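>>> Sequence first, then the predicted structure:
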Amino acid sequence: MRKYIFKIECVTNLHVGSGEANYNIIDNEVQKDVVLTDVPAIYSSGVKGALREHFSTVWNIENNITNKNKIKKIFGNDDGESTQGTYKFFGAKLIARPLRVSSGNKPYLLTTSNDILKDFSDFMDGLGLSNFFKFSELKLDKSKFGANVSGFELEGEKVVKYELNEINAIKKLIGNDFAIANSLRDYDLPVVARNVLENGKSKNLWYEEIVPHKSIFYSVVMIPDNEEIELKFKPDEPVQFGGNATIGQGYTKITQVYPAEVIK
């Protein structure tokens with residue numbers, strides 16, 4: 001099986017609900033990784049479903065029998081028949097999210113962590129892709145953040161300048177300027193209040209956790225060796241994940257980062 005790595009950048013805020021009942025102040029939490037419980041994720045069924053919906057629309061399968069058959073081949077049937085598709089879809093995990101710059105010349109700095117990078121490295125190694133990224137822990141000592149840029153404070157904490165040349169591969173996902181923490185568990189995701197209006201009166205109020213726009217996930221798709229990948233993502237065709245599509249949430253830009261490809 002051939003492996004493809006995709007970068008998923010949140011163009012708008014995203015909420016893919018966990019579906020779990022809880023008694024916290026937050027009514028609707030986002031899905032989290034089952035091991036790194038503070039790290040947002042999109043489970044594999046959600047990734048597969050969103051991509052199926054996206055390409056069914058982009059390829060206009062209602063009016064094109066060839067593309068309709070292509071959808072069935074890639075994703076399997078969804079009409080009651082138990083036929084699996086030829087592609088294997090993995091869940092998406094957060095690799096970095098923006099944290100507030102309290103001092104510096106940027107409004108935010110994309111931030112990842114040693115535990116996220118270690119998990120990413122282990123995942124790549126497990127799929128036979130250790131050539132893409134191999135983890136090298138950043139020794140932060142007493143500092144909360146290290147970065148390849150200087151003159152910043154994140155969330156009120158000074159960012160210490162480090163040379164991060166040993167993890168240059170991660171720039172394919174995060175970009176050139178980013179920070180690393182030991183963990184992001186001390187920095188809560190944003191929470192927004194939601195309500196339903198009926199005749200101008202609020203009938204319900206709940207609190208919803210979101211993954212902020214600019215956050216970046218990664219996902220992997222595997223396809224048979226004898227097939228060329230059909231999933232071509234264009235900048236003007238955003239992919240929507242989770243709920244609240246009608247209020248502009250969950251829209252993402254997806255880029256293939258491995259193997260590298262230029263979309264014409």
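Nice, thanks for sending it over.
>>> make it CA atoms for all contacts and neighbour counts henceforth
OK.
>>> Each with direction, which strands does the biggest strand by length in the chain pair with?
If you go by DSSP state E, the chain has its longest strand at strand 92-103. Taking DSSP bridges as the criterion, strand 92-103 forms sheet pairs with strand 41-42 (antiparallel), strand 108-113 (antiparallel), strand 153-154 (antiparallel), strand 216-223 (antiparallel).
>>> Any chance of TSV for these, columns distance to residue 140?
Formatted as TSV, these follow (distance: least, CA to CA, whole Å):
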stretch	distance to residue 140
strand 41-42	26
strand 108-113	11
strand 153-154	15
strand 216-223	23
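>>> quick revisit: any idea how far the longest strand of the chain is from the middle of the chain?
Distance of strand 92-103 from the chain centroid (CA atoms, centre = their mean, to the nearest Å) equals 12 Å.
>>> And stretch 49-63, by the same measure?
For stretch 49-63, the distance to the chain centre is 20 Å (CA atoms, centre = their mean).
>>> in that stretch, what's buried?
Across stretch 49-63, burial judged by 16 or more other CA atoms under 10 Å covers 50-52, 54-56, 61.
>>> still on that earlier bit, of the strands paired with strand 92-103, which approaches residue 194 most closely?
strand 41-42 (21.6 Å; CA to CA).
>>> Mind listing residues that contact that closest one?
Strand 41-42 is contacted from outside by 16, 30-33, 91-94, 217, using CA atoms under 8 Å, 6 or more residues apart in numbering.
>>> So for stretch 182-189, mean pLDDT?
Per-residue pLDDT over stretch 182-189 has a mean of 91.
>>> Can you give me the buried ones in it?
In stretch 182-189, counting by 16+ other CA under 10 Å, buried: 182-184, 189.
>>> What values do phi and psi take at residue 118?
Main-chain torsions, residue 118, degrees, to the nearest 10: phi -70, psi -40.
>>> residues in contact with it?
135-137.
>>> As CSV, those with pLDDT, secondary structure and distance to residue 72 would be great.
Putting the contacts of residue 118 into CSV (pLDDT from 0 to 100; DSSP: H, G, I helix; E, B strand; the rest coil; distance: CA to CA, whole Å) gives the following:
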residue, pLDDT, secondary structure, distance to residue 72
135, 84, coil, 37
136, 82, coil, 41
137, 81, coil, 43
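>>> all helices of the stretch 151-264 of the chain, in order?
171-174 (DSSP state H, counting those that start in this stretch).
>>> need the strands for this structure, in chain order.
Going by DSSP E, the chain shows strands at 2-10, 41-42, 88-89, 92-103, 108-113, 145-147, 153-154, 157-161, 179-181, 191-198, 201-209, 216-223, 239-240, 251-258.
>>> Identify whichever of the ones you listed lies nearest to residue 131.
Closest to residue 131 of the strands of the chain is strand 251-258 (CA to CA; 10.7 Å).
>>> strand partners of that closest one, parallel vs antiparallel please.
By DSSP bridges, strand 251-258 pairs with strand 2-10 (antiparallel), strand 239-240 (antiparallel).
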